[in-house]
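Novice: coords please:
(one chain, ligands or ions: 2)
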Amino acid sequence: MKMLDIDYNELSPMMRQYVDIKKEHMDELLFYRLGDFYELFFEDGELASRELELTLTGKNAGLKERVPMCGVPFHSVKPYIEKLVTKGYKVALCEQLEDPKTTKGMVKRGVVQVISKGTIVDLELLNEHENHYIASIIDYNYLYVLCYADISTGDAYAVILPHKEDKLINMICSLGILEIVMKDNLDSALISTLKGHYGIEISFSNEELDNEYKELYAGIEDEHIIHAMKHLLYYLVVKELKDLSHFKPLEVVYPDDYLEMDIHTIRNLELTETLRMKDRTYSLLWLIDKTRTSMGSRKLKNWLLHPLKNKELIIDRYHKIEKLNNEFIIKDKLRDNLYEIYDIERLCAKISCGSVNARDFLQLKRSLKVLPEIKSEISSLGFDYDIKTHENLYNLLEASIYEDPPVTLKDGYLIKEGYNKELDELKSIRSGGKDFIAGFENELREKTGIKNLKVGYNKVFGYYIEITKGQIKEVSEDFHWERRQTLTGAERYISPKLKEKEAIVLNAEEKIIELEYNLFNEVKDTIKKELLLLKDTANVIAEIDAITSLSVVAEEYHFVKPSLNTKHFLEIKDGRHPVIEKVSNMEYVNNDCIMDESINTLLITGPNMSGKSTYMRQLAIIVILAQMGSFVPASKANLPIIDKIFTRIGASDDLVSGESTFMVEMKEAKNAICNATKDSLILFDELGRGTATYDGMSLAEAILSYVSTHIGCKTLFSTHYHELTTLERIIPSIKNVHVSATEEEGKLIFLHKIKNGSIDKSYGIHVAKLAGLPDEIINDATRILANYENKPHKNKENEQIQLFMEFPEEKESPVIDSLRKIDPLRMTPMEAINKLYELKEQLEEKK
Ligand code: ADP
Ligand code: MG
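Specialist: Ligands and ions are numbered 1, 2, ... in the order given. Next comes the predicted model:
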């Protein structure tokens with residue numbers, strides 16, 4: 001049954017209300033609140049029952065047929081919404097705007113909020129370690145502006161990007177943006193890449209929000225950014241009806257302030273998740289995240305993905321780590337206190353969007369309680385953080401909020417005794433009434449002589465007197481009781497006196513609940529006024545937590561403080577790959593990496609599995625850690641400040657886009673070559689292996705020479721083309737190194753040690769044997785290899801290597817020769833056919 005096909009006039013009034021609201025929200029699944037349920041009707045109902053595996057029922061709505069319907073209980077709606085939203089649907093929550101108890105006729109309803117992928121706020125499954133960004137892109141034809149915000153924390157940022165799609169996509173992916181709002185003039189190829197390839201939700205809207213929330217971009221002058229912000233705000237405020245009072249003013253991000261890494265680098269180095277399992281466990285972030293709050297965890301991730309380039313800022317973090325390492329007693333106390341702090345950022349978001357409950361307030365209170373101690377610890381460390389302690393809020397929460405409240409707000413038990421006089425009075429009236437009722441039972445038993453008489457309560461009849469069947473004859477007319485309910489074994493009565501007291505109790509009860517609710521909201525409003533200050537505090541706590549985590553990591557894994565230089569000098573002594581060191585059950589072999597001003601490229605050779613890729617990753621990780629302000633896994637490190645890192649590591653086909661390994665390889669190489677500067681770091685791991693040997697080798701050589709002589713940035717280049725090692729003699733800035741392996745009794749031992757010079761044995765067959773290929777194949781391969789090796793080679797020493805394949809001249813067939821001599825224009829058809837026969841005969845003869 002299609003909603004738009006049915007006759008509106010035949011519908012019941014309620015269904016008409018539904019249709020009216022639904023017509024305004026055709027893009028969303030409408031969750032229509034009906035008592036204790038959210039119901040979905042028509043197509044929405046069918047879809048939701050399929051996606052959520054709910055039973056599809058029907059509702060009488062005035063039509064001949066019942067309208068398809070499915071529903072979920074309101075108190076457990078969150079996981080259902082989350083499931084739909086993560087599948088890419090949007091949900092409009094339609095609430096009852098009046099109290100059905102006090103309303104005559106139809107209850108007014110309206111959509112209070114729209115939830116989409118980028119704007120989930122208070123769902124249980126929201127990952128506390130991640131930011132959840134929704135963004136707006138505006139395409140100005142000569143540049144892009146990207147504005148992005150996290151509703152659950154109230155952060156908003158803007159960045160101006162050059163008009164290059166790859167830069168834009170890179171930024172979007174590395175930030176992990178979930179949803180993008182666009183104007184409909186955006187390039188459709190870009191949209192399908194974002195949507196199809198990266199699974200980002202795309203929403204369209206052309207409008208911008210005027211005036212409202214102006215304060216969020218008050219300090220910004222750039223009109224491009226203002227438009228993008230207004231565009232995002234329109235979507236959030238008008239389309240999704242969000243309250244943004246917890247938002248901090250828009251912050252403009254300048255990508256040039258940070259070490260630039262593209263999305264491949266972030267993935268290849270497994271900074272935040274592993275390549276294979278896409279899991280946080282065993283990523284670098286996993287290793288270094290010793291934070292104690294979710295705010296700190298998010299901050300640390302942010303630092304890791306945006307390493308700094310400003311020397312002073314970096315060194316400031318080193319100093320703090322050093323100080324914390326020395327003051328270990330204070331550090332321990334500080335960490336204990338941080339552990340008490342809840343996610344203040346997200347609590348702020350809940351307060352402003354209205355979904356906050358009394359338990360959240362208790363979390364806030366506990367968080368605020370430790371602030372004075374943290375403040376004093378920070379001041380004894382001499383750190384320049386400004387921590388507000390919010391005593392007023394703490395005192396308010398301590399005085400007002402009941403210690404064991406329910407999650408709901410309409411059941412009372414929110415407010416402590418002694419906070420509000422009127423409330424306390426109502427409560428004593430209620431308990432007086434209850435006391436009376438408890439005593440009334442005894443009183444009646446004595447008066448009537450009915451031993452098992454009971455006074456009870458239920459929701460429908462209120463207080464009643466219950467008499468078992470056997471005793472009914474004892475009930476006399478003089479009691480003035482009124483019969484209310486007949487059960488199988490008993491009768492229930494009410495009496496005027498009981499009803500009088502009941503009215504007092506229930507009346508007080510109702511007033512208590514309402515008053516508690518109002519008092520709770522007053523507390524909420526008071527906190528709301530201080531939301532921005534609270535958010536500042538949350539940010540400072542996040543920084544303290546992140547820096548403390550880096551100090552813990554430095555100590556636990558024996559990292560050292562790096563020195564930074566501006567002379568393109570790079571020296572790492574005993575460097576390690578911290579994750580492999582931690583998770584591998586073998587002893588990790590330290591390696592130096594030294595490149596002075598004259599050497600910018602290390603050409604690495606070595607057998608498979610010897611540790612080439614690890615060595616390259618290790619360098620990049622050390623650089624990133626150093627520039628995010630962390631100590632590094634080495635015994636000594638002196639590093640230049642790097643501006644961009646490019647990597648081409650591993651041969652993972654880009655399956656989604658359908659591009660071959662080789663194409664991806666070349667694109668990544670192009671990206672590096674076109675964007676790298678003298679201050680960059682490039683890692684090329686076995687470049688060119690995705691194509692035929694000679695192609696690959698030629699390209700590898702050309703790229704290597706170009707990078708080393710034209711760009712001059714620090715480069716690690718691993719290769720299995722041994723021929724390339726002769727370049728060392730031609731280009732002085734290239735140096736050969738190798739990772740060694742030895743053979744013992746035919747078995748291969750990897751030493752994982754980087755040494756000067758090159759190596760020409762690739763031990764491929766040994767590795768194949770290690771991998772467990774059948775002996776038959778191994779033996780055969782050994783024989784074939786020996787064959788190749790015994791063939792005479794051209795001596796390549798002292799000659800410029802010639803990489804182009806020389807094809808042996810093949811003897812031409814006489815048929816071709818004859819063909820060449822023919823001039824078809826001067827032949828008659830008969831001559832032509834005769835010639836054809838002749839040629840064919842010649843061919844046959846040859847056979
Ligand atoms: P390659 O790139 O040369 O094929 P990898 O860098 O992938 O080799 O290393 C292969 C394996 O060897 C790694 O998974 C790691 O377990 C181990 N390995 C590499 N480098 C070291 C090292 N320095 N110390 C200990 N184990 C190492
Ligand atoms: Mg490798």
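
Novice: contacts and neighbour counts: CA atoms only from here.
Specialist: Fine.

Novice: check which helix or strand covers residue 417.
Specialist: Secondary structure from DSSP states H and E places residue 417 outside every helix and strand.

Novice: so where does the closest residue to it other than its chain neighbours fall, helix or strand?
Specialist: Distances taken as C-alpha to C-alpha, 6 or more residues apart in numbering place residue 424 nearest to residue 417, at 6.3 Å, with adjacent residues excluded. When elements are assigned from DSSP H and E, residue 424 belongs to helix 421-448.

Novice: what mean pLDDT does the following helix or strand past that helix have?
Specialist: Later in the chain than helix 421-448, the nearest helix or strand by DSSP H and E is strand 454-458. The average pLDDT for strand 454-458 rounds to 88.

Novice: got the contact list for strand 454-458?
Specialist: 437-438, 440-441, 463-467 (C-alpha atoms under 8 Å, 6 or more residues apart in numbering).

Novice: swap the cut-off to 10 Å and go again
Specialist: 437-442, 444-445, 462-468, 492-494, 498, 502 (C-alpha atoms under 10 Å, 6 or more residues apart in numbering).

Novice: near ligand 1, which residues of this protein?
Specialist: Residues of the chain found near ligand 1 (C-alpha under 6 Å from any ligand atom) are 587-590, 607-614, 752.

Novice: which of those residues has the most neighbours?
Specialist: Neighbour counts for the residues of the chain next to ligand 1 peak at residue 612, which has 25 neighbours (criterion: other C-alpha atoms under 10 Å).

Novice: got the phi and psi for that residue?
Specialist: phi -70, psi -50 (degrees, to the nearest 10).

Novice: over to the one 10 residues further on?
Specialist: Residue 622 adopts backbone torsions of phi -60, psi -40, taken as degrees, to the nearest 10.

Novice: go on, residue 244?
Specialist: phi -110, psi 30.

Novice: please tell me how far it sits from residue 361.
Specialist: 19 Å (C-alpha to C-alpha, to the nearest Å).

Novice: those two - which one has more neighbours?
Specialist: Neighbour count, other C-alpha under 10 Å: between residue 244 and residue 361, residue 361 has more, with 23 against 18.

Novice: check which helix or strand the more buried one maps to.
Specialist: helix 358-369.

Novice: now that helix: average pLDDT?
Specialist: Mean predicted lDDT for helix 358-369 stands at 96.

Novice: tell me what the next helix or strand after that helix is packed against?
Specialist: As assigned by DSSP H and E, the chain's next helix or strand after helix 358-369 is helix 371-381. Judged by 3 or more C-alpha pairs under 10 Å, 6 or more residues apart in numbering; DSSP states H and E, the packing partners of helix 371-381 are helix 311-326, helix 328-339, helix 391-400, helix 531-556.

Novice: CA-only coordinates of the helix or strand where residue 134 lies in CSV, if you can.
Specialist: For residue 134, the host element (DSSP H and E) is strand 133-139. Taking Å, rounded to 0.1, in the frame of the first residue of the first chain, the C-alpha atoms of strand 133-139 are listed here in CSV:
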residue,chain,number,x,y,z
TYR,A,133,32.1,14.7,11.9
ILE,A,134,29.5,16.1,9.5
ALA,A,135,30.8,18.5,6.9
SER,A,136,29.8,21.0,4.3
ILE,A,137,31.8,21.5,1.1
ILE,A,138,31.5,24.5,-1.0
ASP,A,139,33.1,24.5,-4.4
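
Novice: that one pairs with which strands?
Specialist: strand 143-150 (antiparallel), strand 179-182 (parallel) (DSSP bridges).

Novice: which one of the ones you listed lies nearest to residue 312?
Specialist: strand 143-150 (27.8 Å; C-alpha to C-alpha).

Novice: how far out from the middle of the chain is that closest one?
Specialist: Per C-alpha atoms, centre = their mean, to the nearest Å, the displacement of strand 143-150 from the mean C-alpha position of its chain is 17 Å.

Novice: kindly export that strand (C-alpha atoms) in CSV.
Specialist: C-alpha atoms of strand 143-150 as CSV (Å, rounded to 0.1, in the frame of the first residue of the first chain):
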residue,chain,number,x,y,z
LEU,A,143,39.2,26.6,-4.2
TYR,A,144,37.2,24.4,-1.8
VAL,A,145,36.0,25.2,1.7
LEU,A,146,35.4,22.4,4.0
CYS,A,147,33.5,23.1,7.2
TYR,A,148,33.2,20.2,9.7
ALA,A,149,31.6,19.8,13.1
ASP,A,150,31.1,17.1,15.7
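
Novice: that older thread, other SSEs contacting the helix holding residue 361?
Specialist: Applying 3+ C-alpha pairs under 10 Å, 6+ apart, one finds that helix 358-369 makes contact with helix 328-339, helix 344-353, helix 391-400, helix 496-529.

Novice: single out the most deeply packed of those helices.
Specialist: Most buried of those, by mean neighbour count (mean count of other C-alpha atoms under 10 Å): helix 344-353, with a mean of 24.

Novice: what is the mean pLDDT for it?
Specialist: 88.

Novice: just the angle between it and strand 143-150, please?
Specialist: 90 degrees (axes from the mean of the first three to the mean of the last three C-alpha atoms, to 10 degrees).

Novice: where do the helices of the stretch 101-250 of the chain begin and end?
Specialist: 165-175, 188-192, 223-234 (DSSP state H, counting those that start in this stretch).

Novice: for residue 73, find the nearest of those.
Specialist: Nearest of these to residue 73, taken as C-alpha to C-alpha: helix 223-234 at 31.3 Å.

Novice: next SSE after the closest one?
Specialist: strand 251-252.

Novice: relative to ligand 1, how far out is the spatially most central residue of the chain?
Specialist: Centroid check for the chain by C-alpha atoms, centre = their mean gives residue 130 as the closest residue, at 4.5 Å. Relative to ligand 1, residue 130 is positioned 28 Å away (C-alpha to the nearest ligand atom, to the nearest Å).

Novice: is it true that that residue touches residue 176?
Specialist: Yes - under the criterion of C-alpha atoms under 10 Å, residue 130 makes contact with residue 176 at 8.9 Å.

Novice: for this protein, where's the lowest mean pLDDT among helices and strands?
Specialist: Least confident helix or strand of the chain, by mean pLDDT, DSSP states H and E, is helix 764-770 with a mean of 79.

Novice: any buried residues in the helix or strand harbouring residue 666, and which?
Specialist: Following DSSP H and E, one finds residue 666 within helix 661-675. Judged by neighbour count (16 or more other C-alpha atoms under 10 Å), helix 661-675 contains these buried residues: 661-662, 664-666, 668-669, 672-673.
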